[in-house]
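# predicted coordinates and the sequence they were generated for:
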Amino acid sequence: YAFQYVLLSFVNGLAFTSYNLASTYVLTRISVVHHAALNCIRRVFAIIATSVIFGLNMTMIQVLGIAMAVGSFFSYIHYKMKKEIKEKRRRELRRKWGGIMMDARSGRWIGNSSSLLPVNNIVE
């Protein structure tokens with residue numbers, strides 16, 4: 001019985017160390033916010049998997065909490081994608097117009113001159 005306990009403790013330590021190393025590696029590749037969102041989904045998956053494996057019944061509050069976590073994750077993904085599409089469009093327009101932008105305070109054009117814009121209104 002003692003050997004089995006030591007063996008399980010060793011496997012648990014190995015799994016925990018592997019998880020921390022993998023988590024640290026992933027954190028070096030993505031932003032902290034992405035990592036937190038993925039960690040939230042990992043926890044949801046762990047809760048669902050343990051409930052199924054051990055045959056535990058989930059209460060309505062637990063199901064509501066899981067639904068909120070999953071819904072929040074997909075909401076984050078949705079708005080992140082919208083933001084990336086908007087930034088991509090902004091980069092395309094800047095590349096197309098050569099970096100010309102209008103200063104919101106003065107109403108003057110900033111950047112390289114273009115034949116489409118009045119030359120006397122450009123600040124170099």
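Cool, the structure landed. Residues are numbered from 1 along each chain as shown.
# residue contacts, the most centrally placed residue in the chain?
Nearest to the mean C-alpha position of the chain, by Cα atoms, centre = their mean, lies residue 34 at 2.7 Å. Under the criterion of Cβ atoms under 8 Å, 6 or more residues apart in numbering, residue 34 has no neighbours. (Each C-beta comes from the backbone N, C-alpha and C, glycine too.)
# which secondary structure element contains it?
helix 32-53 (DSSP states H and E).
# quick check: pLDDT value at residue 68.
pLDDT, residue 68: 95.
# do residue 4 as well
Per-residue confidence (pLDDT) for residue 4: 93.
# tell me which element it falls in.
helix 2-29.
# the inter-axis angle of the helix holding residue 34 versus helix 2-29?
Taking axes from the mean of the first three to the mean of the last three Cα atoms, to 10 degrees, one finds helix 32-53 and helix 2-29 inclined to each other by 150 degrees.
# and helix 32-53, which residues are buried?
35, 37, 44, 47 (16 or more other Cβ atoms under 10 Å).
# and it, how far from the chain's centre?
14 Å (Cα atoms, centre = their mean, to the nearest Å).
# state the mean pLDDT of it.
For helix 32-53, the mean per-residue pLDDT is 91.
# just checking, next helix/strand downstream of it?
On the C-terminal side of helix 32-53, the nearest following helix or strand under DSSP H and E is helix 60-97.
# what's that following helix packed up against?
helix 32-53 (3 or more Cβ pairs under 8 Å, 6 or more residues apart in numbering; DSSP states H and E).
# quick check: angle from the helix it packs on to helix 60-97?
150 degrees.
# hey, C-alpha coordinates of helix 32-53 in PDB?
What follows is helix 32-53, C-alpha atoms only, in PDB (Å, rounded to 0.1, in the frame of the first residue of the first chain):
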ATOM      1  CA  VAL A  32      -1.300  36.800 -20.800                       C
ATOM      2  CA  VAL A  33      -5.000  37.500 -21.600                       C
ATOM      3  CA  HIS A  34      -5.100  34.600 -24.100                       C
ATOM      4  CA  HIS A  35      -3.400  32.400 -21.500                       C
ATOM      5  CA  ALA A  36      -6.000  33.300 -18.800                       C
ATOM      6  CA  ALA A  37      -8.900  32.600 -21.200                       C
ATOM      7  CA  LEU A  38      -7.400  29.200 -22.100                       C
ATOM      8  CA  ASN A  39      -6.800  28.400 -18.500                       C
ATOM      9  CA  CYS A  40     -10.500  29.200 -17.800                       C
ATOM     10  CA  ILE A  41     -11.600  26.700 -20.400                       C
ATOM     11  CA  ARG A  42      -9.100  24.100 -19.100                       C
ATOM     12  CA  ARG A  43     -10.800  24.400 -15.700                       C
ATOM     13  CA  VAL A  44     -14.200  23.900 -17.200                       C
ATOM     14  CA  PHE A  45     -13.000  20.900 -19.100                       C
ATOM     15  CA  ALA A  46     -11.500  19.500 -15.800                       C
ATOM     16  CA  ILE A  47     -14.800  20.000 -14.000                       C
ATOM     17  CA  ILE A  48     -16.800  18.300 -16.700                       C
ATOM     18  CA  ALA A  49     -14.300  15.400 -17.100                       C
ATOM     19  CA  THR A  50     -14.200  14.700 -13.300                       C
ATOM     20  CA  SER A  51     -18.000  14.800 -13.100                       C
ATOM     21  CA  VAL A  52     -18.300  12.300 -15.900                       C
ATOM     22  CA  ILE A  53     -15.400  10.000 -14.800                       C
END
